[in-house]
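Asker: Mind looking at a prediction? Sequence and model below.
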Amino acid sequence: MEGDVAAATAAAARYQPASPPRDACVYNSCYWKFRVIRADSYLKNFASDRSHMKDSSGNWREPPPSYPCIETGDSKMNLNDFISMDPEVGWGAVYSLSEFVHRFGSQNY
C-alpha cells in the first residue's frame with residue numbers, strides 16, 4: 001500500500017507544475033481533488049449494486065463481473081459517497097492537489 005501512495009504522490013507532484021493556475025479555471029470543478037480513505041474503512045463501508053454500469057433502459061453497458069455485488073449491512077449502493085469531492089459526504093478526507101502533495105509527499109511520508 002505504501003508503494004501505491006508513493007506512486008500517486010509522485011504522479012501528483014509531477015502534474016502540479018503543469019497544472020493551470022487557479023485563475024485560469026472558470027469553475028471550481030476543474031481543480032484536482034483526491035478523496036483519501038483508510039483501507040479498513042473502505043472495505044467496511046463501500047457498497048455497489050452496479051447500477052452505474054447500466055444505461056437509462058436498465059441494460060448492461062458491458063457484461064457485469066461474475067462475482068456478487070458488494071454490499072454492507074447498511075447499504076447496497078453508496079458509490080457516489082466515495083466519489084463525491086464534498087468533504088461533508090462519505091468517508092475519509094478530501095484534499096486539493098497541493099494539500100495532497102504536502103500531506104503525502106515523500107518529505108512527509
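Answerer: Great, that's in hand.

Asker: Could you pull out the strands in the chain for me?
Answerer: Secondary structure of the chain (DSSP state E): strands located at 33-36, 93-96.

Asker: Give me the buried stretch members for the last one, please.
Answerer: The one in question is strand 93-96. 94-95 (16 or more other Cβ atoms under 10 Å). C-betas here are computed from N, CA, C, even on glycine.

Asker: what's it packed up against?
Answerer: If you count contacts as 3 or more Cβ pairs under 8 Å, 6 or more residues apart in numbering; DSSP states H and E, strand 93-96 packs onto strand 33-36.

Asker: Show me what counts as buried in the strand it packs on.
Answerer: Residues of strand 33-36 classed as buried: 33-35 (neighbour count, 16+ other Cβ under 10 Å).

Asker: can you redo these as TSV with distance to residue 55 and pLDDT?
Answerer: Converted to TSV, the buried residues of strand 33-36 look like this (distance: Cβ to Cβ, whole Å; pLDDT from 0 to 100):
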residue	distance to residue 55	pLDDT
33	28	92
34	29	94
35	26	96
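
Asker: quick one: which of the residues you listed is nearest to residue 101?
Answerer: Of all those, residue 101 sits closest to residue 34, with 9.7 Å by Cβ to Cβ.

Asker: With residue 74 as the reference, measure out to the closest one.
Answerer: 25 Å (Cβ to Cβ, to the nearest Å).

Asker: Which one of the strands of the chain lies nearest to residue 45?
Answerer: Nearest to residue 45 among the strands of the chain is strand 33-36; the distance by Cβ to Cβ comes to 12.6 Å.
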